[in-house]
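> okay, predicted coordinates and the sequence, questions at the end:
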Amino acid sequence: MLCEHLRSLEEEILSENIKELYRGKPWSKNCREWVYFDCYFDIASIKKRINLPDCVKYHENLGTHDGQEAGLECAICHDAIMGHHKAYAKGKLVYD
């Protein structure tokens, strides 16, 4: 399970049976546990609906060699919930 700052969102996503693509430590020492889901996250809608703590920040990567992703990262615990980047999410489920 992810840290307490992201846990409620993670549980909600899992309850919706959205396919989990990866769970683990994908990048560097800066990452503890990151979970990737097969969807695009509407971050603005999620933030309006769920009261996330200030330590949870938007994160995106548009790398040409290391993937395209976007989601929410905990700046304290270094956990993250990630999905497809909007620029590459055509045809993917939108989670809001």
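Sure, I can see it. Residues are numbered from 1 along each chain as shown.
> could you check how far residue 31 is from residue 43?
Here residue 31 is placed at a distance of 19 Å from residue 43 (C-beta to C-beta, to the nearest Å). Just so you know, the C-beta spots here come from the backbone N, C-alpha and C atoms, and that holds for glycine as well.
> settle it for me: which of these two has more neighbours?
The residue with more neighbours, out of residue 31 and residue 43 and counting by other C-beta atoms under 10 Å, is residue 43; that gives 19 against 14.
> give me the pLDDT for the residue nearest to that one when sequence neighbours are not counted.
Take residue 43 and drop its neighbours on the chain: the residue closest to it by C-beta to C-beta, 6 or more residues apart in numbering is residue 58, 5.6 Å away. pLDDT, residue 58: 95.
> surely residue 58 is within a strand?
Yes: with the criterion set as DSSP: H, G, I helix; E, B strand; the rest coil, the secondary structure at residue 58 is a strand.
> tell me what it is bridged to.
Beta-bridge partners of residue 58, counted by DSSP bridges, are residue 72.
> for it, give me its contacts.
With contacts defined as C-beta atoms under 8 Å, 6 or more residues apart in numbering, residue 58 is in contact with 43, 70, 71, 72, 73.
> need the residues you listed in JSON lines with pLDDT and distance to residue 54, can you?
Conversion of the contacts of residue 58 to JSON lines gives the following (pLDDT from 0 to 100; distance: C-beta to C-beta, whole Å):
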{"residue": "43", "pLDDT": "94", "distance to residue 54": "15"}
{"residue": "70", "pLDDT": "95", "distance to residue 54": "19"}
{"residue": "71", "pLDDT": "96", "distance to residue 54": "17"}
{"residue": "72", "pLDDT": "97", "distance to residue 54": "12"}
{"residue": "73", "pLDDT": "96", "distance to residue 54": "13"}
